[in-house]
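Predicted model and sequence below, questions to follow.
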Amino acid sequence: FLFYKQKTAYEIKECDWSSDVCSSDLLKGDAEAREKEINDLTIRQKEVNSEINQLRSKSEALEKNIRSMEQKRGAKASRLQSLQELQKAYEGYDAGVKSILAKSKDQKNPGASLNGICGVIAEIIRTEPRYEVAIEASLGNGVQDIVTESISAAKAAVEYLKERKNGRATLLSMDVIAGRNTNSPIPLPDGALAVASQVVEFDDRYSPIVEYLLGSTLIVENLDKAVELARAALPPVRFTTLDGQIVTAAGAVTGGTGSEGAGLMRRSREIGDLRKDVTELEKQLTDLAAERNGITAEMSAQQRERDSISKELQTKQINCAGIRKDISQCKQRLERLEKELSIVETERNALEKEIVTLEESKKKLAADSAELEKQSTEINKKIAALQEELRTKSQQRDAVVQQCTNIRVQLSAKKQQESGLIDKLKSLERGRDRLLQTLASHQTSATSDEESEKEIAEKIDAQSKSLEGLFKERTRLEGEIAKMETQRQKI
């Protein structure tokens, strides 16, 4: 009985041992599978972190590019606004031209506005920058000519200027010029670059006007070439150099620097170019912003994936630790307790090291986030400073414009005063001539009347002194006018 009892106990223990061995083998297989999953997740976690870092670098580069492009767009938009304000105020045009253009676009009183006004030549035609100086020189003050639909519209505009006394203007009636412009095209001689009318862009309906203004003008490289070609040409052909010198077939040469209406065509062209540039920059900024948003969304997705991997990795690590614990319990029944405790201690140390590594990664991510927030704050401060500087520059510009206006008003008043003095001077000169005639008459009729001759001589001396005073006053006013002109040019 004892033998069987012991045998049974042994068999039971042997069975338990076999069962524990089988359980240990199964647990080891499960542990190896879990460890492989953990290893795969760790590799994927590193890949995701690398992708996040790459996206972050790309996002920072995009932000830098966007800021640079925004500054460029702001500068061009500011320049565009300034030029549009000058064009809206018709700055640079003669008073009569300003008056007609403003009246034709009078929105407050549309019923009383001038009808049939098509526009001014400087805004109707355009050319490439290479020919701008030559075209403006060829047109001269014609760059300010106003194109009208009909001769009646031109007459109405002239009557308006006469009634308001707002200056003078040249008006080109399309119905009249189109009916009389029968000139045949001028052949292009060797050495000439182009016919002026063929290097400008305009609406087809203005073709007779452009031919009338530029159809007989040829553009050449320099003044020597213009003089050479003019010797063999016949009127009304004339030659204009790229730098704005003009030679007619009759031999007249017009040149120097500057011209009437200089810059009006360039301003219109620059406004068009700036509009295109600002539109293109805004489109590029929109595309960059969309790309940045896409990168941000991708970064968010990658960060969510990284968080998901971290959670899954943590769960599997916990499960794997549980399996290892089960293995240790099996080994406890199969091996000595000291070895099992040693294994458990080793696993604990490994987990602690992993925890320390994760904590360091967490601190690094927190430091990176704080640095990004700091950089964002600094960028916002710089943007605010630039906006304030822009407002200051705009105020300074308005002050300079106002100062120029005041000087123009003072200059006009001085010129009116000078005109009055000139009229008074002419009146005194006429009085002096009358007195001289009277003196001559008295000398002829009564040479013996010395007292009358003395009285007339005294009057002549008084008139001469008065003239001398007026001449001095005129000289003083001319000096003040010259001083104001100098001050206006400096501004």
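Structure received. Please read these numbers as outputs of a predicted model, since none were measured by experiment. Residues are numbered from 1 along each chain as shown.

how about the helices of the stretch 151-300 of the chain, start to end?
For the stretch 151-300 of the chain, the helices defined by DSSP state H, counting those that start in this stretch cover 151-164, 174-180, 207-214, 223-230, 264-334.

Tabulate these (JSON lines), appending mean neighbour count.
To be clear about C-beta, it is placed using only N, CA and C from the backbone, and glycine gets the same treatment. Conversion of the helices of the stretch 151-300 of the chain to JSON lines gives the following (neighbours: other C-beta atoms under 10 Å):
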{"stretch": "helix 151-164", "mean neighbour count": "16"}
{"stretch": "helix 174-180", "mean neighbour count": "15"}
{"stretch": "helix 207-214", "mean neighbour count": "21"}
{"stretch": "helix 223-230", "mean neighbour count": "17"}
{"stretch": "helix 264-334", "mean neighbour count": "15"}
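
ok, and the closest non-adjacent residue to residue 274?
Spatial nearest neighbour of residue 274, excluding adjacent residues (C-beta to C-beta, 6 or more residues apart in numbering): residue 80 at 4.1 Å.

Just confirm the one you found contacts residue 271, I think it does.
Yes: proximity of residue 80 to residue 271 meets the contact threshold set by C-beta atoms under 8 Å, at 6.5 Å.

The helix or strand the residue nearest to residue 274 falls within: how far from the chain's middle?
Applying DSSP states H and E as the criterion places residue 80 in helix 2-88. A distance of 46 Å separates the centroid of the chain from that of helix 2-88, by C-alpha atoms, centre = their mean, to the nearest Å.

helices or strands next to it in the packing?
helix 264-334, helix 337-445 (3 or more C-beta pairs under 8 Å, 6 or more residues apart in numbering; DSSP states H and E).

center of the chain - which residue?
A centroid search over the chain (C-alpha atoms, centre = their mean) returns residue 76, at 1.0 Å, as the residue closest to the centre.

OK, contacts around it?
Residue 76 sits next to 274, 277-278, 281 when contact means C-beta atoms under 8 Å, 6 or more residues apart in numbering.

Let's see that with 6 Å instead.
Residue 76 makes contacts with 274, 277-278, as judged by C-beta atoms under 6 Å, 6 or more residues apart in numbering.

close enough to count as contact, residue 59 and residue 295?
Yes: the criterion here is C-beta atoms under 6 Å, and residue 59 meets it with residue 295 at 4.9 Å.

okay, now the residue nearest to residue 152 when sequence neighbours are not counted: neighbour count?
Once flanking residues are discounted, residue 152 sits nearest to residue 116: 7.2 Å by C-beta to C-beta, 6+ apart. If you count neighbours by other C-beta atoms under 10 Å, residue 116 ends up with 19.

ok, residue 116 - contacts?
Residues in contact with residue 116, defined by C-beta under 6 Å, 6+ apart, are 148-150, 153.

cutoff 8 Å now
Residue 116 sits next to 148-150, 152-153, 156 when contact means C-beta under 8 Å, 6+ apart.

Could you work out the most separated pair of these?
Greatest spatial distance in these: 149 and 156, 10.9 Å, computed using C-beta to C-beta.

Could you look up the next helix or strand downstream of the worst-scoring helix or strand of the chain on mean pLDDT?
One helix or strand of the chain scores below all others by mean pLDDT, DSSP states H and E: helix 337-445, with a mean of 71. Per DSSP H and E, the first helix or strand lying C-terminal to helix 337-445 is helix 450-490.

on contacts alone, who are the packing partners of that following helix?
Helices and strands touching helix 450-490, by 3+ C-beta pairs under 8 Å, 6+ apart, are helix 337-445.

The helix it packs on vs helix 264-334, what angle?
Interaxial angle of helix 337-445 relative to helix 264-334 (axes from the mean of the first three to the mean of the last three C-alpha atoms, to 10 degrees): 170 degrees.
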